[in-house]
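1. Please work out how this folds:
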Amino acid sequence: MTRFGTYFSGDDAKEISEFFIVRKYRRQGVGKHIAARLFDGFAATWEAAVLSTNLPAQQFWRAVITDYAAGRYEEFSTHYRECDFVVFRLRARGGLT
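-> Model (predicted):
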């Protein structure tokens, strides 16, 4: 699920608030492909926030976003509502329909 407005980048950014790939399709490039299609769909600042304890999700987003943004992205740790997060922020090219 995506939405406009993020906790860390503001109302003009888009957030990937939920992202789930069925286990049998994991590690086949499906998640990477879907994430790229989302980014390609909207020229925007995108943000994916992951709980700091969710190491597999951090590894996934770091790999996907590093590849998509050719290493041009921000990654930072922050605290929000009693939870610690790792946040990935990038500027997507967008423009595909």
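
2. Distance check, the residue nearest to R93 when sequence neighbours are not counted against D67.
-> Excluding the flanking residues, the one nearest R93 by C-beta to C-beta, 6 or more residues apart in numbering is A43, at 6.3 Å. The C-beta positions use only the backbone N, C-alpha and C, and glycine is treated the same way. Applying C-beta to C-beta, to the nearest Å, the value for A43 to D67 is 19 Å.

3. hmm, back to that, and the residue nearest to R93, what element?
-> Using DSSP states H and E, A43 maps to neither a helix nor a strand.

4. any idea how far it lies from V22?
-> A43 is 29 Å from V22, where distance means C-beta to C-beta.

5. Looking at those two, which one has more neighbours?
-> Counted by other C-beta atoms under 10 Å, A43 and V22 do not tie: A43 has more neighbours, with 13 against 7.

6. so the more buried one makes contact with G94?
-> Yes: contact criterion C-beta atoms under 8 Å: A43 and G94 qualify, at 2.8 Å.

7. what packs against the longest helix seen in the chain?
-> Across the chain, the longest stretch assigned as helix under DSSP state H is helix 55-68. Counting contacts by 3 or more C-beta pairs under 8 Å, 6 or more residues apart in numbering; DSSP states H and E, helix 55-68 packs against helix 30-41, strand 45-51, strand 83-91.

8. in this protein, what spans have low per-residue confidence?
-> Counting by pLDDT under 70, the ranges of the chain that qualify are 3, 95-97.

9. which residue is nearest the middle of it?
-> The centre of the chain sits closest to A48, judged by C-alpha atoms, centre = their mean, with a distance of 3.3 Å.

10. who does that residue bridge with?
-> F88 (DSSP bridges).

11. Could you report the separation of it from H79?
-> 17 Å.

12. next one: R26
-> For R26, the distance to H79 (C-beta to C-beta) stands at 29 Å.

13. Check L38 too.
-> 26 Å.

14. before we move on, what about H33?
-> Distance of H33 to H79, given as C-beta to C-beta: 32 Å.
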